[in-house]
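[1] could you look at this predicted model? Sequence included:
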Amino acid sequence: MGLETVHLFHGTYKKNAMSIIQRGFTTTDIPDIGKINTGNAKKKPGSLGFGLYGFRDDPCLALDYIKRVCTRNDYEVLHFDIQLHRDNKLNFVNSVNDMMAFQQWKELPARKKLLDILKKKYSNNVKQHSLDGAILEAYIYDMTRRKEFKEPIYAVCSATHTPTNPESENRSISMIPNGIEYAVRNTIIINNDSIDTVGTSSNQLEE
């Protein structure tokens, strides 16, 4: 199977955006599994584990995200492409095999002790599902250690829900997914020549 190209959008601060365009994204830092399991990593994992996050084909969701975390009008939306083989991706969007394999791993009685430990260190809330991310990190580590994965996992993707339109009274009623999010675990799959700003105005995002 050949390479798959995916178009992603990432919201960040303007200062970071200029640095990324000039030098590319910094290497993704994935903590030691022992630090993750004990809650001693420097930061908590995102919903899809550690990595560089981007929304597939939707700059508006990237803008909605960065506007929530940035207190000033000091943000930018970047576009970049990743290229990877099927075996380098955990696909929770349309791969039944990946979904079933993860569920089977998670439901094994042998996982109970680990999951109980992780539930004491992490939680899932509206802003971030760090418990899901920690479980995914444990899954990737275990499956890699046992050579169940044919190739290294360079990205994880899943349908996710990102809050939009903060002025709407209906924005918190439903958590049905409204986009597809990627966590890029290894920047080697990023095409640096594709990195560019998109802008943050409605007209720019719709072009």
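    In hand now; what should we look at? Because the structure is predicted, anything quoted here is derived from the model rather than measured.

[2] tell me where the longest helix sits in this protein.
    Longest helix in the chain, counting residues (DSSP state H): helix 130-145.

[3] the closest residue in space to residue 143 that isn't next to it in sequence and residue 37, how far apart?
    Leaving aside its sequence neighbours, residue 143 sits nearest to residue 149 (Cβ to Cβ, 6 or more residues apart in numbering; 5.2 Å). (Each C-beta comes from the backbone N, C-alpha and C, glycine too.) Residue 149 is 19 Å from residue 37, where distance means Cβ to Cβ, to the nearest Å.

[4] contacts only, for residue 16.
    With contact taken as Cβ atoms under 8 Å, 6 or more residues apart in numbering, residue 16 is in contact with residue 76.

[5] what about the most far-flung residue of the chain relative to its centre, distance to residue 129?
    In the chain, the residue that sits farthest from the middle, by Cα atoms, centre = their mean, is residue 109; the gap is 27.8 Å. Residue 109 sits 24 Å away from residue 129 when distances are taken as Cβ to Cβ.

[6] who are the contact partners of the nearest residue to residue 136 once chain neighbours are set aside?
    Leaving aside its sequence neighbours, residue 136 sits nearest to residue 49 (Cβ to Cβ, 6+ apart; 4.4 Å). Listed by Cβ under 8 Å, 6+ apart, the contact set of residue 49 reads 30, 133-134, 136-137, 140, 156, 183, 185.

[7] among those residues, which pair sits farthest apart?
    134 and 185 (14.5 Å; Cβ to Cβ).

[8] having no further points to raise, I will conclude here.
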